[in-house]
Structure formats: C-alpha cells, structure tokens
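Novice: no FASTA, just this:
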C-alpha cells in the first residue's frame, strides 16, 4: 500500500490487473449503453429534425465566435512577437465517454472509456464543455481513471481572470466546493471572480476556466483569508470528457515559416 | 480432505462475480452511501461454509479485485478482506451453529472491522475523515445477512458445494 501511495512502482501491475477487470466494468455499463442505443435507434424523425436544427443554429453561432477568436489569436501572436515572448501552440483534444461504474463514494473519481491504446497518459488534463474537470491518474489499455478537481487530494494552480492573482485551488471532498489556499486577508479577490488555470506546474494548459469564487471571508486573526469557489464544470452530471494533449512546440510566430500543423489554419484565415 | 473431486467451484466464483458487479453498479446519489459491502458478505459466507476451500488467499484476491474496481489504494480492501477471512476461518465452527440473528450480529462486527481498516488507510493517506454515513453499509449489510445466508445456503445445497 505504501508502495502504491508513495511511489508509483505498482502502476504497471495495476494497469495489467485492470485489464482483467475490464469485462466486469463493461457488464455494469451495459444497461446504460443499451438504453442509449435503444433511445438512438427508436428516435423519431421529428425529434432528430428538431435536434438537428438546434445544433445547426448553435454551430452557426460558434462559427461566428470562432472567426473572431481566430483573428484575436493572430493579433495576440503578433503582439507577443513584438515583445519577443514565446507563444505556446495549440492543443489536441479527444472526447472520451464516462463509464457508468460507481467507484469509492468517498473519492471523486470517474472512469472513462479511453486508455493507453488511445495514447492517454498519466497526469493528462480532462475538461468538459464548460471547464476543467480533473486529471488522469491511472491508465489501463482501455480505460483510465480521472481524479476530479474536487477530490481532497487534488490541487490545481489557478489565477483570477480579472487581475492575474495566482493561487492554488484545493479540492475539499465536496463536489461543489474548492478552497483557495494562502490568500492574504487583503488579497484583491471578490465574490464572482472567475478562476482560470494558470499553467504553472506544467500539467494543465493555461487559460481554461475552473471555478467561480462564492465566498471570501477575511480572518483578521489568521494570516490567510478563507476563500471558497464553486467548480464551473458539471462534475456530477458530465457524460463526456475531453482529454487534452499539449502540442509542446515553442516558437516565435512568423508568417513566412509557420510549422505545418499551424499551416492549415493559417491558410483558411483571410489575410488581414 | 477427501479424494473426491471438489464440486461447485463455479458457484463460488459466480457468486463473487455477482458481488463485484453489485459493488460498482451505478446507484442514485442518495443510495450510494448505503451500498452494503457485498463482496465481504459473500466472503464471510463462503469462508464459513467451506473453510477448507475459501480462506485468506481468496480474501486477499477478492480484496485486490475490489481495489481495482473501486479505484482505492492497491491493498486497502485486500488487507481488510484477508483479515476478515482469517477471523471467520478461526471462528467458523462457532458461527455456523449460531441462530440467524446472532450470526447477523457477528457479521456486523466483521463488517465494522472492514470499515475500520478502510478508515485507518484513509487516515494514513491524509484523506479527510468521512461523514457518519461512512458507517451505514455495515448496518445495511447486517440487515441483509439473513437473506444472503438463505440464498447462498440454498445455492450451496442445490449444487452440492462442499
């Protein structure tokens, strides 16, 4: 046990043994996946049309946003180039589904249906449609365990979106609460402030939303204020999660010699 | 003990598999904390019923599988289940003769031991102390014990597991 907790010697063994467990997990997941299959198969034409129109509208809106974003991204890169700072390239994402399996009720973990065969790795960030969900802790060939940010053993470096104040969001073991540690009583933080990942620590890419500050209580007798936040992602309702790979190429933006991965994007971009 | 081939190993394995499935079966949020320790209950029964076949080794293996299934620290359940298998094996002749309600009480003690060890491990890895609902599964398990006992005993007789 100590070996599993302190060092990671047993990770390989755990992965190996977990493969044997996989059929059990699949059986448990069967009612849910079967139910979804039936719902999809017997969906009426009308329902499909409705959802199609809704998605079409949403897609249009997102496209419009995207256009703005692309030009802003370019502008940002040019400005960064002016001040000679390196810019981290984009990320690759993969969508994984949660397996309907109940894990230990006192740990905040979920099981997903992608594993090392899909190049999932330990420590990989997982997001949902709204914000950061957690990070991968155990990887087996076909599944992976994601530790949610609210687990009591999880800490996430964040910063306040409004002014860049850095802190660490610690999980509390409550699904709707994060604690911000080591903030002095006079720190510039207010209820409603949005927290984003700061990218310090090197695990999470910077700039993803994490949580919203719900209460700030200065403790005059204590060196630090107690600040609580609520995760933005729908941790207890999520059905899917996005796994993020960082494309770790640092480069200075120059329009003439863009790397090939970015080349496709720049081609679509109308020249300003 | 004897030279006759042992029968019904499949029944034991299948009952354990069912217990594992019930352990990870998704439940509504309010019911999650009341889920009885299925694997421990099944283990107690089989150690009591055929102690020469199911013992500490089986306890350890099933505990390891539980650890993998529930994503706890590798060895947490294995330790607890080995201990429970050991205690039950030591006492199986006495427990077998108890009336059902007295058996249930013994089961309660064993289930509490399992939870206590889990709590100890949680404390050792600096997890916060869980709320009082942490102690609910042993009570639910105790209430379920007579039914589990009767069902498994009928299965045992039907398939003549020795």
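Specialist: Nice, I can see it. Because the structure is a prediction, the values reported are computed rather than measured.
Novice: For the rest of this, base every contact and every neighbour count on C-alpha atoms.
Specialist: OK.
Novice: and residue 140, what is it in contact with?
Specialist: Picked chain A for this. Residues near residue A:140 by CA atoms under 8 Å, 6 or more residues apart in numbering or on different chains: A:14, A:15, A:16, A:18, A:19, A:115, A:116.
Novice: I was after chain B.
Specialist: Counting by CA under 8 Å, 6+ apart, residue B:140 has contacts B:34, B:35, B:36.
Novice: do that again at 7 Å, thanks
Specialist: Contacts for residue B:140 (CA atoms under 7 Å, 6 or more residues apart in numbering or on different chains) come out as B:34, B:36.
Novice: Show me the shaky parts of chain B.
Specialist: B:1-6, B:162 (pLDDT under 70).
Novice: The same query, at a cut-off of 80, please.
Specialist: B:1-8, B:28-29, B:125-129, B:161-162 (pLDDT under 80).
Novice: Pop out the phi and psi values for the closest residue to chain A within it.
Specialist: In chain B, the residue that lies nearest chain A is residue B:70 (4.2 Å; CA to the nearest CA). Phi and psi for residue B:70, reported as degrees, to the nearest 10, are phi -90, psi 0.
Novice: surely it meets residue A:104?
Specialist: Yes - taking CA atoms under 7 Å as the definition, residue B:70 is a contact partner of residue A:104 at 5.1 Å.
Novice: Looking only at neighbour counts, state which of the two leads.
Specialist: With neighbours defined as other CA atoms under 10 Å in any protein chain shown, residue B:70 and residue A:104 compare such that residue B:70 has more, 22 against 19.
Novice: Could you find the closest non-adjacent residue to the more buried one?
Specialist: residue A:103 (4.2 Å; CA to CA, 6 or more residues apart in numbering or on different chains).
Novice: where does the one you found land in three-state SS?
Specialist: Three-state secondary structure (criterion: DSSP: H, G, I helix; E, B strand; the rest coil) places residue A:103 in coil.
Novice: isn't it right next to residue B:23, touching?
Specialist: No - at 8.5 Å, residue A:103 does not count as touching residue B:23 under the criterion of CA under 7 Å.
Novice: Tell me which residues touch the residue nearest to residue B:70, please.
Specialist: Residue A:103 touches A:109, B:24, B:70, B:71, counting by CA under 7 Å, 6+ apart.
Novice: Dump the residues you listed into JSON lines; add distance to residue A:145 as well.
Specialist: JSON lines is the format used below for those (distance: CA to CA, whole Å):
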{"residue": "A:109", "distance to residue A:145": "7"}
{"residue": "B:24", "distance to residue A:145": "14"}
{"residue": "B:70", "distance to residue A:145": "10"}
{"residue": "B:71", "distance to residue A:145": "8"}
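Novice: between the residues you listed, which has the most around it?
Specialist: residue A:109 (24 neighbours).
Novice: So what sits opposite that one in the bridge?
Specialist: In this entry, residue A:109 is beta-bridged to residue A:147, by DSSP bridges.
Novice: Tell me who's in contact with it.
Specialist: Counting by CA under 7 Å, 6+ apart, residue A:109 has contacts A:103, A:145, A:146, A:147, A:148.
Novice: ok, now with 10 Å
Specialist: The contact partners of residue A:109, by CA atoms under 10 Å, 6 or more residues apart in numbering or on different chains, come to A:102-103, A:134-137, A:145-151, B:70-72.
Novice: Residue A:108 now?
Specialist: Residues near residue A:108 by CA under 10 Å, 6+ apart: A:134, A:146-154, A:171, A:173-175, A:235-236, B:71.
Novice: Model confidence score at it, please.
Specialist: Residue A:108 carries a pLDDT value of 85.
Novice: can you check residue A:209 too?
Specialist: On pLDDT, residue A:209 comes in at 88.
Novice: which phi and psi does the closest residue to it other than its chain neighbours have?
Specialist: Distances taken as CA to CA, 6+ apart put residue A:196 closest to residue A:209, at 4.2 Å, once the chain neighbours are dropped. Backbone dihedrals for residue A:196, given as degrees, to the nearest 10, come out at phi -120, psi 160.
Novice: Return the distance of residue A:196 relative to chain B.
Specialist: As judged by CA to the nearest CA, to the nearest Å, residue A:196 and chain B stand 26 Å apart.
Novice: Which pLDDT does the model give that residue?
Specialist: On pLDDT, residue A:196 comes in at 90.
Novice: quick one, helices of the stretch 1-150 of chain A?
Specialist: A:2-6, A:11-41, A:45-82 (DSSP state H, counting those that start in this stretch).
Novice: swap that for chain B, please
Specialist: With DSSP state H as the criterion, chain B has helices at B:9-24, B:38-49, B:56-70, B:76-97, B:100-124, B:136-159.
Novice: Return the most buried member of those helices.
Specialist: Most buried of the helices of chain B by mean neighbour count (mean count of other CA atoms under 10 Å in any protein chain shown) is helix B:38-49; its value is a mean of 24.
Novice: next one: it to chain centre, how far?
Specialist: 5 Å (CA atoms, centre = their mean, to the nearest Å).
Novice: Tell me the spacing between the closest residue to residue A:25 other than its chain neighbours and residue B:125.
Specialist: Spatial nearest neighbour of residue A:25, excluding adjacent residues (CA to CA, 6+ apart): residue A:101 at 6.7 Å. Going from residue A:101 to residue B:125 by CA to CA, to the nearest Å gives 24 Å.
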